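> Any chance you could fold what I've pasted below:
(one chain, ligands or ions: 1)
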Amino acid sequence: MTLVGVLAVQGAFVEHEASLSRLGAECYEIRKAADLGRSPDALVIPGGESTVMGKLTRDLGMLDRLRGLIEDGTPVLGTCAGMILLARGVEGGITHLGTMPITVRRNAYGRQLGSFSAVSDFAGLGEIPLEFIRAPAVVSVGEGVETLAEVDGVPVAVRYGNQLVTAFHPELTDDLTVHRFLLGLIQRRIAF
Ligand code: GLN
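Predicted coordinates for the structure are as follows:
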């Protein structure tokens, strides 16, 4: 059975577990460094507050091991704050894992548009609902980064090899397209 480790130090991790369970994956919560030793087939870094999640993963001694798993090719889905944790560049903030060659801007949509809904095609798989909550924006992407979804010309889902990040929250809707895509990356892992 597919085993997915969901970072569970803070934020919306339970909702990801529910989506992945519906797809038949087994999930477990990563709360301490030893949990990373279970060799998960894939990882999820959820939404929440990136400064808090970054500090906790660092303080718990997980940041380097997490980075190692990702650099070794373990597929990872980072949503919202998770995207910030993975980004190599964070405007006005600090880099945490820094494995994804993108630069992001935190809370990019301002107060008025702090939370909003949209729809977009995702990876040519059809339109999916997008829920944004104080979302970051992708302000630049490095070579080899593929845009999977956009809103108003701004990328809101991008992939780089085994790393998939979304500015929105797929775990807050019934749609399973993004989580199914993550599980698909496990099969494609050998190709990265
Ligand atoms: N605004 C949060 C941050 O900067 C992210 C919001 C979210 O994950 N929903 O960390």
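
> Close to the ligand: what parts of the chain are there?
Selection of the chain residues close to the ligand by Cβ under 6 Å from any ligand atom yields 47-50, 80-81, 84, 106-107, 133-134. C-beta here means a position set from N, CA and C on the backbone, and glycine is covered the same way.

> Quick check: Leu130 touching Asp152?
No - taking contacts as Cβ atoms under 8 Å, Leu130 lies outside contact range of Asp152: 11.7 Å.

> now the helices: where do they sit in the protein?
Assigned by DSSP state H, the helices in the chain fall at 13-22, 50-59, 63-71, 81-86, 177-188.

> Leu130 and Asp152 - which one has more neighbours?
Between Leu130 and Asp152, counting by other Cβ atoms under 10 Å, Leu130 is the more crowded of the two (25 against 7).

> who's in contact with the more buried one?
117-120, 149, 151, 156, 168 (Cβ atoms under 8 Å, 6 or more residues apart in numbering).

> Got a quick PyMOL command for the buried subset of these?
Only the buried entries of the contacts of Leu130 go into this PyMOL selection, using 16 or more other Cβ atoms under 10 Å:
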select buried, resi 120+149+151+156+168
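
> what's the closest of the contacts of Leu130 to the ligand?
Set against the ligand, the nearest of those by Cβ to the nearest ligand atom is Phe168 (9.0 Å).

> Nearest residue to the middle of the protein?
Taking Cα atoms, centre = their mean, the centroid of the chain lies closest to Gly78, which sits 0.8 Å from it.

> my guess is that residue meets Leu85, correct?
Yes - Gly78 lies in contact with Leu85 (Cβ under 8 Å); the separation is 6.2 Å.

> Give the intersection of the neighbour lists for those two.
Ile45.

> Quick check: which ranges of the chain have low pLDDT?
Where the chain drops to pLDDT under 70, the residues are 111-113, 190-192.

> try it again with 90
Residues of the chain meeting the criterion pLDDT under 90: 1, 92-93, 109-114, 187-192.

> Any figure for the gap between the closest residue in space to Leu85 that isn't next to it in sequence and Asp174?
Spatial nearest neighbour of Leu85, excluding adjacent residues (Cβ to Cβ, 6 or more residues apart in numbering): His96 at 4.5 Å. Remark: distance between His96 and Asp174 (Cβ to Cβ, to the nearest Å) = 30 Å.

> Kindly report the same for Pro101.
With Cβ to Cβ as the criterion, Pro101 and Asp174 are 32 Å apart.

> And these two? Which one has more around it.
Pro101 (19 against 8).

> Leaving out chain neighbours, which residue sits closest to the more buried one?
Gly142 (3.0 Å).

> Count the neighbours of the closest residue to Asn107 other than its chain neighbours for me.
Spatial nearest neighbour of Asn107, excluding adjacent residues (Cβ to Cβ, 6+ apart): Arg134 at 5.3 Å. For Arg134, the neighbour count with other Cβ under 10 Å is 17.
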